[in-house]
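Q: how does the following fold in three dimensions:
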Amino acid sequence: MEQHKIIITQYNPKYAEQTVRMWRDSKEQAIGQKEIHSFENHIYFLNHILLEQYQIDLALIDEKVVGMAAYNDREISQLYIHKDYQGIGIGQTLLEKVKAQSGGRLTLYTFEINKNAQRFYEKHGFEIIGRGHENEENLPDIQYEWVANKW
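A: Next up, the predicted model:
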C-alpha cells in the first residue's frame, strides 16, 4: 500500500461538506442505516452544536478529509474514518492525540452492530462499562471507558 502523508489539523468550516459526507458514508457502512438527518442539518450540527461543545480534529490526505474526531477531556463524541482509508493508522493517530489531551479517562459510545469499532477500541485499551444508552438510531449500543496507565 502506498504511503499517505496524513495531516491532523483543527477543524475548519471550509471542510464542512467533506467532513459530513465522510462521516455519513462511514457511519452508514458501519451500522447499515441511512442518516436520519438531512445533509444541511448535519452541516449545521457540525458547525454550530458539535463545534461549540467539543474540540474537532480532522485527518487530511492531500486536502481530502479522511477522518475526524470530536472530543473533550472526558469523552469522545465522534470518531469516524473514511471507509476507503480504514486500517492504515488514521484512527489510531487521532485516538492517540485525544488520549494525550484527556484528563486520563475517556468514555465513548459505539453501536453494538459496529464490530470493527469494538475491536478498534478494545485493541486500544477501552473496556465495556455499560450497554443500552438511548440514541436516535434506536440501536443497541455499548459504552466504553479508557483509563490512562491502566495497561
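Q: can you list the low-confidence ranges for the chain?
A: Low-confidence segments of the chain (pLDDT under 70): 1-3, 150-151.
Q: who's in contact with the longest helix along the chain?
A: Ranked by residue count and defined by DSSP state H, the top helix of the chain is helix 16-31. Here helix 16-31 makes contact (Cβ atoms under 8 Å, 6 or more residues apart in numbering) with 11, 33-35, 39, 42-43, 46-47, 58, 64-68, 78, 80-83, 111, 113-114, 116-117, 137, 139. For glycine as for every other residue, the C-beta is placed from the backbone atoms N, C-alpha and C.
Q: can you give me the buried ones in it?
A: 16, 18-20, 22-24, 26-27, 30-31 (16 or more other Cβ atoms under 10 Å).
Q: could I get the CA-only coordinates of it as CSV?
A: Extracted in CSV, the C-alpha atoms of helix 16-31 (Å, rounded to 0.1, in the frame of the first residue of the first chain):
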residue,chain,number,x,y,z
ALA,A,16,-17.7,21.1,6.5
GLU,A,17,-19.2,19.4,3.4
GLN,A,18,-16.3,16.9,3.0
THR,A,19,-16.4,16.1,6.7
VAL,A,20,-20.1,15.5,6.8
ARG,A,21,-20.0,13.4,3.6
MET,A,22,-17.2,11.2,5.0
TRP,A,23,-19.0,11.0,8.4
ARG,A,24,-22.3,9.9,6.8
ASP,A,25,-20.7,7.4,4.5
SER,A,26,-18.6,5.9,7.2
LYS,A,27,-21.5,5.7,9.7
GLU,A,28,-23.8,4.2,7.1
GLN,A,29,-21.3,1.5,6.3
ALA,A,30,-20.7,0.8,10.0
ILE,A,31,-24.4,0.4,11.0
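Q: so can I have TSV of the buried residues of helix 16-31 showing distance to residue 54?
A: Converted to TSV, the buried residues of helix 16-31 look like this (distance: Cβ to Cβ, whole Å):
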residue	distance to residue 54
16	15
18	18
19	13
20	15
22	17
23	14
24	18
26	18
27	17
30	20
31	21
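Q: tell me the one among these nearest to residue 51.
A: Set against residue 51, the nearest of the buried residues of helix 16-31 by Cβ to Cβ is residue 16 (9.7 Å).
Q: and for the closest residue to that closest one other than its chain neighbours, the neighbour number?
A: Nearest residue to residue 16 in three dimensions, chain neighbours excluded: residue 43, at 5.2 Å (Cβ to Cβ, 6 or more residues apart in numbering). Residue 43 has 17 neighbours, counted by other Cβ atoms under 10 Å.
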